[in-house]
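Curious how this folds, go ahead:
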Amino acid sequence: MRPDSPLVIGTVEEAKYTDALLEDYRGNPLIEALPPIWSPRDVLQFMTSLPNIRPEERELERHLRIHCVMRLNNFVHPLNRHVELEQHLSTMIRRGYVSRNPKTPSYARRLRDVALSMQNPDIAELERQAFPVKSSTASGGALVGVSGLGKTTAIERLIMQYPQVVLHPELGHTQVVWVKLDCPHDASLNALCLEFFEVFDELFGTNETERLSHARAMNKDKLLRRMRITAAANSLGILIIDEIQNLKQAKSGGKEQMLNFFVRLVNNIGVPVLLVGTPGVSEILHHTFRNGRRFGAIPGWERLIQGSTEWEQFLKNLWRFQWVKEFSPLTDEIKRVMFHETLGITDLVVKLFAVSQIRAITTKKESLDALFIESVAKEIFYNVRAALDALRSGSEKELRNFDDLYEPIKLADYVDKATEQIQVDAPLEKTLEDEVLDLLVQAGIPEPVAIRAVLKTTCDDKRKWLRAALLEAEQLQNTHEKLGHPAGPGPESAQSDKSTEPKRKRKSPSMQRTPMLKAGKAGQVDKKTPYQSLLEADLIGDPIDVFLKPEVELRRRILGI
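Below is the predicted model:
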């Protein structure tokens, strides 16, 4: 399994037959084992995916609300395009099975024709003339649209309504309803075939992929033939190939061979094929397919139009999910900015809305407005600005440079950064020790002395601890004064004398690295302590003399607490 393209795997179920309601479908176990045909209302309800939100969540701490915003990753507002897509998928699967009823003689005849065509095409053609094979009722389709419209998400959600494998014990038959693959980056047919067999290995616990990949005599043509036999024998309902724009990377003749293979699946075996890709592939499909009517484009997968009913409903539904403290109404100016920055690409709309909330929560702005959203868009869409400008221009020449339009924006990246920033900004809770230390410093006690006084007078009562610490600090200062250190200049005098102090010559690099070591060694000759040596060498200052500024009134006020 390729790590960058995980396989889409569904469920395995035993067949439960229901009336197919339509005469074309009755008596066909492959169709009667499928779920009932949905109405448009069923599709809209199924496709709706709205995150949970409670008003009280706006009062949660910032780091928690940022994680709430992540729920927008699963936001899906149903559109008319979803109804059309479901109807196309439903029709393609069922119509493809009409000519492949395992209860009819024509089913066995088709399987024989497939196998014989691969072994001896000439004999297969003679048999076909004597015993005609029932024409395929399958069709192909192409779903084309710019990145970010939710094509892949919609397809995967819709095919998951069907079991992937249906077991028919009475018939001794296994039906694979759907298989979804991604076209390899280099459009390699070998890679596509092996990915196809990976799906069957995953479903049935076999090891066919590894065996085929290591078989010396197994070339591209043999893999394709085996793939056709597997699809026919397992009554494959539909084959979906995503990222079909990768065909542009195929070697000479590669894309034509792959597309012709898809045509043969539809025409000869009766397996419907749905191709999904970006607009850059339209020209390839148009010029390559020999039977254009079998691969008609599924309409509706364009960007939302500014001011349209769908745009207004989409944005209004999305705007309800705010976790900033101040709920911001959806103004006309915000609508204008949202469309200008996203061009109606639904994925970009959701991501801009989500990241704007994350920024507002992180910076403590806690509200949304048009100017703020515009500034966020300039930041997060920086790498796709050229692609969006090409889309605005409508120039096909410029759009060819941006087949994928943009790299998907991951909300998780912004959540991680925002959480880190909140952790850095969050003030640490002060302990009782910190409070006493702060009061001592406010009273004019130098911090080094205050720290020693606090550590020597630990107490559970704040007032008692403060009194004891002040007395201890005074004793430390008196003891220091008795040592006879000359009073150094205070901060004010040090600042005033700075301009008149002669500039010292810059020391050589070697001296800059070892001045304290040199002073310490010199002091050892006179039997001085390291502290005295560094002090006399003017490498350290006396904290008491430099920072002490008695403020008697402030001390008295503190002592009276």
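
Using the three-state scheme, assign the closest residue to residue 297 other than its chain neighbours.
Of all residues not flanking residue 297 in the chain, residue 142 sits nearest, at 5.0 Å (Cβ to Cβ, 6 or more residues apart in numbering). Quick note: C-beta positions are derived from backbone N, CA and C, even for glycine. What DSSP: H, G, I helix; E, B strand; the rest coil gives for residue 142 is strand.

so where's the stretch 151-300 of the chain shaky on pLDDT?
Applying pLDDT under 70 to the stretch 151-300 of the chain flags residues 252-253, 283-284, 286-295.

90 instead, please
Within the stretch 151-300 of the chain, the stretches with pLDDT under 90 are 183-192, 208-229, 232, 243-270, 277-300.

Helices along that one, start to end?
In the stretch 151-300 of the chain, helices defined by DSSP state H, counting those that start in this stretch lie at 151-159, 189-204, 208-214, 220-233, 254-264, 282-288, listed in chain order.

of all those, which lies closest to residue 131?
helix 220-233 (17.0 Å; Cβ to Cβ).

buried residues in that closest one?
Neighbour counts over helix 220-233 (16 or more other Cβ atoms under 10 Å) mark 223, 224, 225, 226, 227, 228, 230, 231, 232 as buried.

for stretch 181-198, same thing?
181-184, 187-198.

Reformat the buried residues of helix 220-233 into JSON lines and put distance to residue 300 next to each item.
Shown next, in JSON lines, are the buried residues of helix 220-233 (distance: Cβ to Cβ, whole Å):
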{"residue": "223", "distance to residue 300": "35"}
{"residue": "224", "distance to residue 300": "33"}
{"residue": "225", "distance to residue 300": "37"}
{"residue": "226", "distance to residue 300": "36"}
{"residue": "227", "distance to residue 300": "31"}
{"residue": "228", "distance to residue 300": "32"}
{"residue": "230", "distance to residue 300": "33"}
{"residue": "231", "distance to residue 300": "28"}
{"residue": "232", "distance to residue 300": "32"}
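
which of these sit farthest apart?
Top of the distance list for those (Cβ to Cβ): 223 and 232, 15.2 Å.

returning to that earlier point: would you mind checking which of the buried residues of helix 220-233 is nearest to residue 173?
Distance to residue 173, by Cβ to Cβ, is smallest for residue 232 among these, at 12.1 Å.

doesn't residue 112 make contact with the closest one?
No - Residue 232 is beyond contact range of residue 112, at 10.2 Å (criterion: Cβ atoms under 8 Å).

What helix or strand is residue 314 located in?
If you go by DSSP states H and E, residue 314 is part of helix 309-318.

what's the following helix or strand past that helix packed up against?
Using DSSP H and E, the helix or strand that follows helix 309-318 in sequence is helix 332-342. If you count contacts as 3 or more Cβ pairs under 8 Å, 6 or more residues apart in numbering; DSSP states H and E, helix 332-342 packs onto helix 309-318, helix 346-362, helix 370-380.

Mind doing that once more with 10 Å?
helix 309-318, helix 346-362, helix 370-380, helix 385-393 (3 or more Cβ pairs under 10 Å, 6 or more residues apart in numbering; DSSP states H and E).

Spit out the contact partners of the closest residue to residue 457 other than its chain neighbours.
Counting by Cβ to Cβ, 6+ apart, residue 457 lies nearest to residue 468, which is 3.9 Å off, once chain neighbours are set aside. By Cβ atoms under 10 Å, 6 or more residues apart in numbering, the residues touching residue 468 are 436, 453, 454, 456, 457, 458, 459, 461.

Surely the second one and residue 440 touch.
Meaning residue 453. Yes - if you go by Cβ atoms under 10 Å, residue 453 and residue 440 touch, sitting 6.5 Å apart.

Touching, residue 368 and residue 354? I think so.
No - the criterion here is Cβ under 10 Å, and residue 368 misses it with residue 354 at 11.2 Å.

joint contacts of the two?
By Cβ under 10 Å, 6+ apart, no residue touches both residue 368 and residue 354.

circling back: does the residue nearest to residue 457 belong to a helix, a strand or coil?
helix.

nearest to residue 362, of the buried residues of stretch 181-198?
residue 182 (35.4 Å).

returning to what we had before: now do the shared contacts for residue 453 and residue 440.
469, 470, 472, 473.

For the third one, list the residues it contacts.
Same thing as residue 472. Counted by Cβ under 10 Å, 6+ apart, residue 472 has contacts 440, 445, 449, 450, 452, 453, 454, 455, 456, 457.
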